[in-house]
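*Asks:* build me a model:
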Amino acid sequence: MKINWNPLSFAIAAALGLVGCGESQTIQPTTPPAKPEIVKAPDAPEPKPEATNAPLPVVEEKKPNPMVGVYEASMLNPGTNQSQPLNLELKKDNQFTAYPQNEANNKLQGTWKIDGTLLVCTGSTEGTRQKMTLKIDAKTFHLLSIDQDDTPLPLGQITPPGANKINFRKKP
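*Replies:* From the prediction side, this is the model:
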């Protein structure tokens, strides 16, 4: 039996030409196609931008710590037996400054943190270099304790007459 390859070869070549073999190779242009220029009539309204369903980017705004601010309480000056302001400034970098009015040149400076329900301010005085820790209720801002060189100071000696607590109030 003799096979005539001519018609068979032609059929195979035609089938390969129609189906293709391997991956298609296309040449990409080196420059992007030009966008058609839109020419509008002088009295035509401005075109509206195309609506997209893409979500807007989320920008997280860093909110300031609500504890940051300047506070003032009233305390008793043991030397004069008069009420005087007790100033407290909580700064955003977790630094603080505190001082009674009569000791503005011997400010207590250091760091503050929230420890459970307490606002704890620990630092040293500028002039006398005493280590002090103030513990304040973080919700009510009642002064709970003052430790000086690890010795608790009796709050009754600096609480103004008629008051049962020293309470800080945030200044505007």
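*Asks:* low-confidence ranges, this protein, go.
*Replies:* Low-confidence segments of the chain (pLDDT under 70): 1-52, 54, 57, 59-64.
*Asks:* now the strands for it?
*Replies:* 69-77, 82-90, 95-100, 108-115, 118-125, 131-137, 143-148, 151-153, 169-170 (DSSP state E).
*Asks:* residues contacting stretch 139-158, please?
*Replies:* 71, 73, 75-78, 117-119, 130-137, 165-170 (CB atoms under 8 Å, 6 or more residues apart in numbering). Heads up, the C-betas are built off the backbone N, CA and C, glycines and all.
*Asks:* quick one: end-to-end length of it, please.
*Replies:* 22 Å (CA to CA, to the nearest Å).
*Asks:* buried residues in that stretch?
*Replies:* Residues of stretch 139-158 classed as buried by neighbour count (16 or more other CB atoms under 10 Å): 141, 142, 143, 144, 146, 155, 158.
*Asks:* just give me the closest of the residues you listed to residue 125.
*Replies:* Nearest to residue 125 out of the buried residues of stretch 139-158 is residue 146 (CB to CB; 12.0 Å).
*Asks:* hmm, back to that, now the buried residues of stretch 139-158 as TSV including distance to residue 98?
*Replies:* Below are the buried residues of stretch 139-158 laid out as TSV (distance: CB to CB, whole Å):
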residue	distance to residue 98
141	13
142	15
143	10
144	14
146	10
155	15
158	13
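*Asks:* residue 166: what's it in contact with?
*Replies:* 73, 74, 75, 86, 142, 143, 155, 158, 159, 160.
*Asks:* measure the first one to residue 81 for me?
*Replies:* I take that to be residue 73. 17 Å (CB to CB, to the nearest Å).
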